[in-house]
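A.B. asks: structure for the following, please:
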Amino acid sequence: MKTIKINDLQFFVKSSISVLEACKYVGIIIPRFCYHETLSVAGNCRMCLVEVANSPKPVASCALPVLNNMQIYVDTPLVKKARENVLEILLLNHPLDCPICDQGGECDLQDQTKQFGGDYSRYFFNKRGVEDKYCGPLIKTIMTRCIHCTRCVRFGIEIAGVEYLGTLNRGGSTEIGGYLSSFFSSELSGNVIDLCPVGALTSKPYAFKARSWELRSIESVDMTDGTGSNTYVNFKESEIARILPKQNSSINDSIITDKARFYFDANKSHRLHKLFIKNIITSKFLETNWEETLANIELELSNFKSILFLVNAELDLNSLMLLNLLSNKYKNKIKIKSIDSQTNSISNLYISWIKDKISELNKNAKICFLFCSNIRLESAVLNSKLRLKYSNDTMQVIGLSSIHTSNFNIDFVNININKFLLFLEGKDPYLSNFLTKYSKPVICFGDNLNLRGFALNTLIELTKKYTPSSTILKIQIKANTESLGLLNIGQINTNDIKSSDLCFAVDLDSNFNLSKYISSHKNLIWLNTHGSNLALKAKIIIPLQTEFEEEKIIINLEEKIQITNKIISSIGNTRSFSKFINFFFNSKNNVLKNALNYNFNILENSKLFNSIQPLFSGYKLLNNKFIQNHQIISNYLIKSCLGEFYCSNKMTRNSLNMITCSQEFRKTYKNLYLN
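C.D. replies: Numbers count the residues shown, from 1 in each chain. Next comes the predicted model:
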């Protein structure tokens, strides 16, 4: 701790911070443009000038470390005049187009000019114009507004790992841009919109849609991957305008991926909002209502012997728990299977002893092993944290998989499952040395293991046994994979399809793997937010609500329970799946009339936790017999089977923003080139 004086008031502050940070911690806000908490110090805007005792001129507080007994003055006439001059220089070439600027109402330049600027300008020459740059379908540029704070340049180099933007020319001809006009190929490119203090970089999908003071904001959670990044959803009336990051130091800090930021247009694109029943004679779909639909389902249930609910890892925990209650009531007649889960007959939930895994990654980790994980595609937020630690020379990253493109140096060692077990047992002559050298390694398991059909949780249990001090992360593409393990929902197989008389396909992402299971089923009921080719093979099509239209509970990769809030009203005849399940609990059908009358309130967290608690007691330890039965030992190398970043699930595949980004990114592909 050091003692300093600010405006003749004494304070005790940390010794390793700057004057600007010291003032911020004691409640004194100093204006700035180039400084940002997540970026390195540039000190080029000169807006944060303060006066220090025994200094002949004002100094930049962002680049000045605190010293013991330092005397600082932040509102002297000299400082005020210096701020006026800085703002006058910044406004020399800045266009007066605030009424048509999307940054209007939340612009730092507007706010600081009003508070610290003067009331006249001494400049009488013509303003300079700068050509707009092309950054892709997500970022709109008006570079005449740029004040050269270089936040976007530093973000690209330090966090995104893409040297896309830079400073061109010198003096009065300085501008921000790139030598080549191309797509800003980064999973985090949209964050430069939030970083830009003026309207030089704005959102293309948000352009001219609304003003900031017209929007309402509700907290939510990103559902495009398993990280669970916190967000704010801004909406105007019944339409979502944009999604912004919410500061959460334990998960995503203040950044989110481009998928989380721009996929919201899928809420209206290709949506199902009407009920349809197929005519048996003509095989055409006829529009219907809920009364007729439920009556038809009652008729189907009257003769059923077995019902199959086919779900995926994006269905919310609320719905999965209701299905689990229904399945426990009729164990021989109602089954729940997943298209994503890879474990059967044993609880596959991995319970960690570390509460905040991502925070542990930031603090103490010195080495990270990525086993079959392309973390840049699976979780771009975690990838940025790893890259930042690597750039600061505080972490070594070893990739135990086939080589893939990364935005920082990873030492790749292509191994198989058998070699990985030898590595854990300390029998590998090269890799095992790292386990003894570092006390708290981080071991990340990628979603490739699930997609390839390996017993992922068995490997995790062995890793926990041999390396008890390690931090283990399951990097998941789907938002709610942990809930499948919590409720012990196994993977679908051909026998489940053949033995079922009625199949409910719930909120599934249409792909080849799903098609080979249900395309030939005679009694298929399709419940989804969007249509697809597989929906045409169903008897009944029922529209569901999206995560923006209902409250959902998910469990992220840290085993943290998170709740998404209802943002806007549902459209058409869409309903939540949990309400549809209540139909089974309250059915008048002879077979189901004795069902439990279970009314689940998603807002009553105490009930939810009480319902989850018994499931943890059923968690079983994995043993060698289970390992041998599932044959996890393999001598074959594991090749990545992940697709691209932008269109990774049902919602993003129906987002026009993400489809356009995917098309732009594919233009960079080369034949016979490893990506």
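A.B. asks: and the gap between the closest residue to residue 439 other than its chain neighbours and residue 109?
C.D. replies: Nearest non-adjacent residue to residue 439, counting by C-beta to C-beta, 6 or more residues apart in numbering: residue 469, 5.8 Å away. C-beta coordinates here come from the backbone N, C-alpha and C atoms, glycine included. Distance, residue 469 to residue 109, by C-beta to C-beta, to the nearest Å: 49 Å.
A.B. asks: got it, and residue 537?
C.D. replies: Distance from residue 537 to residue 109, by C-beta to C-beta: 56 Å.
A.B. asks: before we move on, what about residue 368?
C.D. replies: Relative to residue 109, and taking C-beta to C-beta, residue 368 is found at 40 Å.
A.B. asks: looking at those two, which is more packed in?
C.D. replies: residue 368 (26 against 23; other C-beta atoms under 10 Å).
A.B. asks: gap between that one and residue 147?
C.D. replies: Relative to residue 147, and taking C-beta to C-beta, residue 368 is found at 38 Å.
A.B. asks: next SSE downstream of the helix or strand of the chain with the lowest mean pLDDT?
C.D. replies: Lowest on mean pLDDT, DSSP states H and E among the helices and strands of the chain sits helix 624-630, with a mean of 36. The element immediately downstream of helix 624-630 (helix or strand, assigned by DSSP states H and E) is helix 650-653.
A.B. asks: which elements pack onto the helix or strand that that following helix is followed by?
C.D. replies: Downstream of helix 650-653, the next assigned helix or strand under DSSP H and E is helix 656-666. Packing partners of helix 656-666 (3 or more C-beta pairs under 8 Å, 6 or more residues apart in numbering; DSSP states H and E): helix 258-262.
A.B. asks: other residues contacting stretch 306-313?
C.D. replies: 301, 319-320, 323, 327, 332-341, 476, 478-481, 483-484, 489, 492, 496-497, 499-509, 517-518 (C-beta atoms under 8 Å, 6 or more residues apart in numbering).
A.B. asks: surely residue 4 is in a strand?
C.D. replies: Yes. Remark: residue 4 belongs to a strand, assigned using DSSP: H, G, I helix; E, B strand; the rest coil.
A.B. asks: burial check on residue 358, number of neighbours?
C.D. replies: 26.
A.B. asks: ok, it - contacts?
C.D. replies: 250-251, 382, 385, 558.
A.B. asks: swap the cut-off to 7 Å and go again
C.D. replies: Contacts here follow C-beta atoms under 7 Å, 6 or more residues apart in numbering; on that basis residue 358 touches 250-251, 382, 558.
A.B. asks: which SS class is it?
C.D. replies: Strictly by three-state DSSP, residue 358 counts as helix.
A.B. asks: on the pLDDT front, check it for me.
C.D. replies: You'll see residue 358 listed with a pLDDT of 84.
A.B. asks: distance of it relative to residue 473?
C.D. replies: 8 Å.
A.B. asks: you'd agree residue 553 is in a strand?
C.D. replies: Yes. Counting by three-state DSSP, one finds residue 553 located in a strand.
A.B. asks: my read: it touches residue 319, true?
C.D. replies: No. Taking contacts as C-beta atoms under 7 Å, residue 553 lies outside contact range of residue 319: 9.1 Å.
A.B. asks: between these two, who's got more neighbours?
C.D. replies: residue 319 (26 against 21).
A.B. asks: which helix or which strand is home to that one?
C.D. replies: With DSSP H and E as the test, residue 319 turns up in helix 317-329.
A.B. asks: which of the residues in that helix are buried?
C.D. replies: 317-327, 329 (16 or more other C-beta atoms under 10 Å).
A.B. asks: check stretch 254-270 too.
C.D. replies: Buried residues in stretch 254-270 (16+ other C-beta under 10 Å): 254-268.
A.B. asks: what's the distance between the spatially closest residue to residue 13 that is not a sequence neighbour and residue 47?
C.D. replies: Once flanking residues are discounted, residue 13 sits nearest to residue 22: 4.4 Å by C-beta to C-beta, 6+ apart. Remark: distance between residue 22 and residue 47 (C-beta to C-beta) = 17 Å.
A.B. asks: same deal with residue 476?
C.D. replies: 42 Å.
A.B. asks: and residue 441, by the same measure?
C.D. replies: 43 Å.
A.B. asks: with residue 390 instead?
C.D. replies: Residue 390 is 32 Å from residue 47, by C-beta to C-beta.
A.B. asks: residues in contact with the host helix or strand of residue 503?
C.D. replies: Secondary structure assignment for residue 503, by DSSP H and E: strand 502-506. With C-beta under 7 Å, 6+ apart as the test, strand 502-506 has contacts from 300, 304, 307-311, 315, 518, 521, 523-527, 577.
A.B. asks: could you point out which element follows that strand?
C.D. replies: Following strand 502-506 toward the C-terminus (DSSP H and E): helix 512-518.
A.B. asks: what are the pairing partners of the helix or strand just after that following helix, and which direction each?
C.D. replies: Counting by DSSP H and E, the next helix or strand C-terminal to helix 512-518 is strand 524-528. Here strand 524-528 is paired, per DSSP bridges, with strand 502-506 (parallel), strand 540-543 (parallel).
A.B. asks: okay, residue 390 and residue 47: which has more neighbours?
C.D. replies: residue 47 (26 against 19).
A.B. asks: same question for residue 233, what's its three-state structure.
C.D. replies: strand.
A.B. asks: which residues touch residue 501?
C.D. replies: With C-beta under 7 Å, 6+ apart, residue 501 has these contacts: 304-306, 523.
A.B. asks: for residue 207, same thing?
C.D. replies: Applying C-beta under 7 Å, 6+ apart, the residues contacting residue 207 are 102, 140.
A.B. asks: going forward can the numbers begin at 11, since that is how I track them
C.D. replies: Sounds good: first residue 11 from here, last item residue 217.
A.B. asks: domain assignment for the protein?
C.D. replies: Following automatic domain parsing, the chain resolves into domains at 12-100, 134-277, 285-350+494-613, 367-487+632-652.
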